[in-house]
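> take a look and give me a structure for this.
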Amino acid sequence: MKLTNYLKESYNELIHKVSWPTRSEVFNSAVVVMIASVIIALIVFLMDLGFENLMKLIYSVKI
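I've put the predicted structure just below:
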């Protein structure tokens, strides 16, 4: 009885109380996330490249 009541209330809330985004809102959000992901990936790549060159410089010095 509790489970069926829970499922009915959950369904009712999803149908009547949740405000779902429109297709254009979802598309715009997806574009923003993709652009941000590419920018962050480029920043991490450049940092990795910089640290790699720094380590090569440090370890190539003969004492």
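> and the residue most central in space within the chain, how far from S19?
Central residue check for the chain by CA atoms, centre = their mean: the C-alpha nearest the mean position is that of V33, 6.4 Å away. Distance of V33 to S19, given as CB to CB, to the nearest Å: 20 Å. Just so you know, the C-beta spots here come from the backbone N, C-alpha and C atoms, and that holds for glycine as well.
> repeat for Y6
Between Y6 and S19 the computed distance is 22 Å (CB to CB).
> higher neighbour count, those two?
Y6 (10 against 4; other CB atoms under 10 Å).
> tell me which helix or strand that one sits in.
Using DSSP states H and E, Y6 falls within helix 2-16.
> ditto for V18
Using DSSP H and E, V18 sits within no helix or strand.
> could you identify the helix or strand that succeeds the helix holding Y6?
That would be, after helix 2-16 and using DSSP H and E, helix 23-60.
> so how far is that next one off the chain centroid?
13 Å (CA atoms, centre = their mean, to the nearest Å).
> could you list the buried residues of that helix?
Across helix 23-60, burial judged by 16 or more other CB atoms under 10 Å covers no residue at all.
> tell me the spacing between L7 and L14.
From L7 to L14 the distance is 11 Å (CB to CB).
> same question for E52.
49 Å.
> equivalent analysis for P21, please.
14 Å.
> do D48 as well
Counting by CB to CB - D48 and L14 are separated by 43 Å.
> what do you get for F51?
47 Å.
> got it, and E25?
Distance of E25 to L14, given as CB to CB: 18 Å.
> could you do F27 as well?
Per CB to CB, F27 is found 22 Å from L14.
> can you pull out the low-pLDDT segments for the protein?
The chain contains residues with pLDDT under 70 at 62-63.
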